[in-house]
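Asks: Here's a sequence, model it:
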Amino acid sequence: MIKFKKPKFWGLKKPNIISYFLLPLTLPVLINNIILNFKSSKKNKKIKSICIGNIYIGGTGKTPTVIKLFEILNDLNFKVSTGKKFYFSQIDEISILQKKTKLIEEKNRSMILKEAINKDQNIIIFDDGLQDKRISYDLQFVCFDINNFIGNGQLLPSGPLREKISSLKKYDAVFLKGEDDKLTNHVDLIRTQNANIQIFETYFEINNLNEFNLKEDYLIFSGIGNPQSFKNILKKNNFNVVKEVIFPDHYNYTKSEIEKLKIQARNINAKIITTEKDFVKVSQLDSSNIDFVEVKLKVKNEKNLINFLKTKMYEKY
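Replies: The predicted model follows:
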């Protein structure tokens, strides 16, 4: 997978001249989406499948959401596993899912489905795969982060979208992550695309906050899809962030880069913090004097989500 930093114009509220210039290049994405809409597959009657995906490319909180759903369904006494198509560049997410769920990883999602059935599971939760039409999911969630939401609203490469927001009409529910006064505007826009779609508002909490001294200064670094979300939760919890270093999403660090970060931190007398995902990769090199924050997804009205899942997972074909 190609690693790159998202262009700034993707995050603008409206397309700019660069975005308009790239519009002709969105045609293959548009044609592909039209073709995918005509593809269909039958639901598998031996197992229920859930897909947690996005239409905005990266940084929407899919993996923590998968973990949250796994915990809920496990507590409801379902035999549940999570599934993720193997990408070497996403070994960080795979490692976290292995640690916190019952993960099945294979070369493709059809193989994951078969393996879950072989293991006599009731439910398989896929991390990503909304655009994979080889599987007819029983329940499809779209994840958004309000800091990015749909960016400038354009398809790749003119904007950050895999599908136009109008595609929400074919999905079951939305996870909308974040807390601000613009949340209502996002909800209203989603409702204009699909009046019946379920919307669950979520946010992150830091699990290991008591491990940190908030009187210290901190250098933070990350290689994730939405680094602003990482910085925001630290600020919300009163971390004194004095320097931030951002790498491309799913970045593979080198020893020299880690050493450079440590030198920068020493020069400003700061401690170093990164994300749990980045720490997975850093720990394979040299994680001494580097800490990570462990975040947990919270659902504002979890009872509604539980009832929704019960209804869908007990629903017969």
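Asks: switch to C-alpha atoms for all contacts and neighbour counts from now on
Replies: OK.
Asks: Run a quick neighbour tally on Glu315.
Replies: Counted with other Cα atoms under 10 Å, residues neighbouring Glu315 total 10.
Asks: Could you tell me the per-residue confidence at it?
Replies: Note for Glu315: predicted pLDDT of 84.
Asks: Ok, Asp180 next?
Replies: 75.
Asks: Show me what counts as buried in stretch 307-317.
Replies: 309, 313 (16 or more other Cα atoms under 10 Å).
Asks: swap that for stretch 233-244, sorry
Replies: 233-234, 239-241.
Asks: what separates stretch 24-31 from the chain centre, distance-wise?
Replies: Offset of stretch 24-31 from its chain centre (Cα atoms, centre = their mean, to the nearest Å): 24 Å.
Asks: And stretch 46-63, by the same measure?
Replies: 7 Å.
Asks: What's the mean pLDDT across it?
Replies: Mean predicted confidence for stretch 46-63 is 95.
Asks: Any chance you could list what contacts it?
Replies: 65-66, 93, 97, 117, 121-130, 137-145, 149-150, 160-165, 177, 224-227, 249, 313 (Cα atoms under 8 Å, 6 or more residues apart in numbering).
Asks: what distance separates the start and the end of that stretch?
Replies: Start and end residues of stretch 46-63 are separated by 25 Å (Cα to Cα, to the nearest Å).
Asks: burial count for Lys119?
Replies: 12.
Asks: for the one 10 residues further on, same thing?
Replies: Each residue near Gly129 was counted by other Cα under 10 Å, and the total is 20.
Asks: Report the spatially closest residue to it, excluding sequence-adjacent ones.
Replies: Excluding the flanking residues, the one nearest Gly129 by Cα to Cα, 6 or more residues apart in numbering is Gly53, at 6.0 Å.
Asks: ditto for Asn289
Replies: Closest to Asn289 by Cα to Cα, 6+ apart is Ile272, at 6.9 Å.
Asks: Got phi/psi on the one you found?
Replies: Dihedral pair for Ile272: phi -110, psi 130, per degrees, to the nearest 10.
Asks: Same check on Asn240?
Replies: Dihedral angles for Asn240 - degrees, to the nearest 10 - are phi -90, psi 90.
Asks: pLDDT value on the nearest residue to it once chain neighbours are set aside, please?
Replies: Using Cα to Cα, 6+ apart and skipping the chain neighbours, the partner closest in space to Asn240 is Asp217 (5.2 Å). Looking at Asp217, its pLDDT is 98.
Asks: these two touch, right, Asp217 and Asn267?
Replies: No. Counting by Cα atoms under 8 Å, Asn267 is not a contact partner of Asp217; they are 11.8 Å apart.
Asks: more crowded one of the two?
Replies: Asp217 (18 against 9).
Asks: how close does that one get to Phe239?
Replies: 8 Å.
Asks: show me where the stretch 201-317 of the chain has strands.
Replies: Assigned strands in the stretch 201-317 of the chain, in chain order: 217-222, 240-246, 271-275, 290-293, 295-299 (criterion: DSSP state E, counting those that start in this stretch).
Asks: Output the fourth one in CSV with nothing but the alpha carbons.
Replies: Extracted C-alpha coordinates of strand 290-293, given in CSV (Å, rounded to 0.1, in the frame of the first residue of the first chain):
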residue,chain,number,x,y,z
ILE,A,290,8.6,6.2,24.6
ASP,A,291,5.2,5.8,26.0
PHE,A,292,1.8,5.4,24.4
VAL,A,293,-1.8,6.3,25.2
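Asks: partner strands of that strand, parallel or antiparallel?
Replies: Next to strand 290-293 in the sheet, as set by DSSP bridges, lie strand 271-275 (parallel).
Asks: which residues sit against the partner strand?
Replies: With Cα under 8 Å, 6+ apart, strand 271-275 has contacts from 216-222, 230, 262, 265, 289-294.
Asks: for those residues, which one is nearest Glu105?
Replies: Nearest to Glu105 among the contacts of strand 271-275: Glu294, at 22.9 Å, using Cα to Cα.
Asks: For Glu115, list the residues it contacts.
Replies: Ile104 are the contacts of Glu115 under Cα under 8 Å, 6+ apart.
Asks: Phi first, then psi, for it.
Replies: Torsion angles, degrees, to the nearest 10, at Glu115: phi -70, psi -40.
Asks: gap between it and Gly83?
Replies: Taken as Cα to Cα, the span from Glu115 to Gly83 is 10 Å.
Asks: what do those two both touch?
Replies: Ile104.
Asks: Skip the chain neighbours and tell me the closest residue to Ser19.
Replies: Per Cα to Cα, 6+ apart, closest to Ser19 is Ser158, 4.5 Å.
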